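> Sequence and predicted structure below; questions after.
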Amino acid sequence: MRKLSIFSPPPQLPEAARRARRHMLARCGLAWLGMMQVMMFAFPGYLRSGARGPESQASLDQAIILMNWISLILTVPVVLYCAWPVWRGAWRCLLRLRVGMDVPVALGIAAAFLPSVISTWRASGEVYFDSVTMFVAFLLTARYLELCARQAVDGPLLGMSTDTTALFASANRLAFWFVLIQLALAAVVGLYWLGAAPDRAAAVTVALLVMSCPCAMSMSVPTAVAARRAVQLRLPALGRAEALLLDAQMARVARQNLYGSLAWHILMTPLAAFGWVQPWLAAITMLMSSLAVAANAWRLYRQALAPKHTVWYGQAA
């Protein structure tokens with residue numbers, strides 16, 4: 001029997017869905033490759049603040065200009081090809097006069113990429129190509145996990161007694177209002193920094209837009225339901241009482257993921273608004289919250305498959 005996980009595709013997954021999965025993985029892999037290369041070429045820029053002689057500083061400035069152009073060339077396919085689903089999703093939302101999660105993501109990418117292009121062309125100012133590629137790579141990683149979880153959820157859920165519709169609706173509603181509030185906050189804070197310290201306005205605004213991506217929240221319910229499905233496929237002979245306990249634990253993990261990721265965003269948002277979180281750090285926190293959601297769902301799966309002498313979900317037998 002093939003070993004299952006919470007991200008295993010259903011046996012009868014349509015070819016179109018498998019193709020979408022492969023394309024997402026290809027975009028994710030290319031984004032990671034571009035990120036690693038851009039971060040390598042961005043290294044001279046990290047040395048700009050050090051004390052050195054005029055001749056050494058001039059040589060460093062020339063190296064930075066060259067590296068910025070190379071980083072721009074490497075970032076273009078990441079922005080245009082890897083992030084294409086983001087642009088497409090944001091455009092569809094705007095056509096429908098809706099605010100989906102792709103809108104702040106697209107704004108964050110554009111707000112970091114376009115000023116970086118201008119700074120590279122003028123050979124002066126800050127560039128954020130490393131933050132752009134890092135954000136896209138981390139975003140696609142989270143979305144690939146979400147896609148796998150949602151495809152797994154589309155499989156059979158035998159013996160399930162809990163209606164997951166309410167869980168999905170709650171997560172979608174919370175993500176919608178979170179994105180709306182974060183967009184408004186990013187606009188207000190960005191305008192404040194534009195007047196108080198224009199040189200820091202772009203970084204703060206981009207960090208807030210990155211923080212507004214509700215990737216972890218969108219993963220919260222699908223990963224928990226996918227873990228429940230994987231357990232059911234591995235243990236098809238579960239009794240009624242055990243199935244009910246599994247459903248209750250699934251709902252609890254889904255809520256843990258949803259409200260835990262929301263609390264993490266609420267904690268990090270003021271730090272980003274005060275300018276204490278750089279765009280690259282905001283991207284890392286976004287990835288870490290998504291991985292934490294996946295890990296919590298994986299914990300549900302592993303605990304349910306523990307040997308019979310192990311107490312189910314930490315409760316007394």
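Arrived safely. Here the structure is a predicted model, which is why all the values come from computation and not from measurement.
> pull the helix or strand with minimum mean pLDDT from the protein.
helix 43-46 (a mean of 74; mean pLDDT, DSSP states H and E).
> what bits of the stretch 151-300 of the chain have low per-residue confidence?
When the per-residue scores of the stretch 151-300 of the chain are filtered using pLDDT under 70, the ranges that remain are 154-162.
> so where does the residue most central in space within the chain fall, helix or strand?
For the chain, the residue whose C-alpha lies nearest the mean C-alpha position (CA atoms, centre = their mean) is Leu139; its distance is 3.6 Å. Per DSSP states H and E, Leu139 falls inside helix 129-153.
> and that helix, what other elements does it pack with?
Applying 3 or more CB pairs under 8 Å, 6 or more residues apart in numbering; DSSP states H and E, one finds that helix 129-153 makes contact with helix 15-41, helix 54-77, helix 84-95, helix 102-122, helix 198-211, helix 215-234, helix 279-304. Every residue, glycine included, has its C-beta placed from N, CA and C.
> do that again at 6 Å, thanks
For helix 129-153, the contact count by 3 or more CB pairs under 6 Å, 6 or more residues apart in numbering; DSSP states H and E identifies helix 15-41, helix 54-77, helix 102-122, helix 215-234, helix 279-304 as packing neighbours.
> related to what we said a few turns ago, how about the least confident helix or strand of the chain: buried residues?
For helix 43-46, a neighbour-count test (16 or more other CB atoms under 10 Å) marks 44-45 as buried.
> Same check on stretch 237-253?
Along stretch 237-253, these residues count as buried under the neighbour rule (16+ other CB under 10 Å): 238, 243, 245-247, 249-251, 253.
> and the least confident helix or strand of the chain, how far from the chain's centre?
Distance of helix 43-46 from its chain centroid, counting by CA atoms, centre = their mean, to the nearest Å, is 26 Å.
> try stretch 59-77
26 Å.
> buried stuff in it?
Using 16+ other CB under 10 Å as the test for burial, stretch 59-77 gives 60, 64, 67-68, 70-72, 74-75, 77.
> longest helix of this protein?
For the chain, the helix with the greatest residue count under DSSP state H is helix 240-273.
> Quick one: list the elements packing against that one.
helix 165-196, helix 198-211, helix 215-234, helix 279-304.
> could you dump the ones you listed to TSV with mean neighbour count and distance to Glu146?
What follows is the helices and strands packed on helix 240-273, written out as TSV (neighbours: other CB atoms under 10 Å; distance: least, CB to CB, whole Å):
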stretch	mean neighbour count	distance to Glu146
helix 165-196	16	11
helix 198-211	23	17
helix 215-234	26	5
helix 279-304	21	8
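> how about those, which one is nearest Val38?
Using CB to CB as the criterion, the shortest distance between Val38 and the helices and strands packed on helix 240-273 is 10.9 Å, found for helix 279-304.
> So which elements touch the closest one?
Helix 279-304 packs on helix 129-153, helix 198-211, helix 215-234, helix 240-273, going by 3+ CB pairs under 6 Å, 6+ apart.
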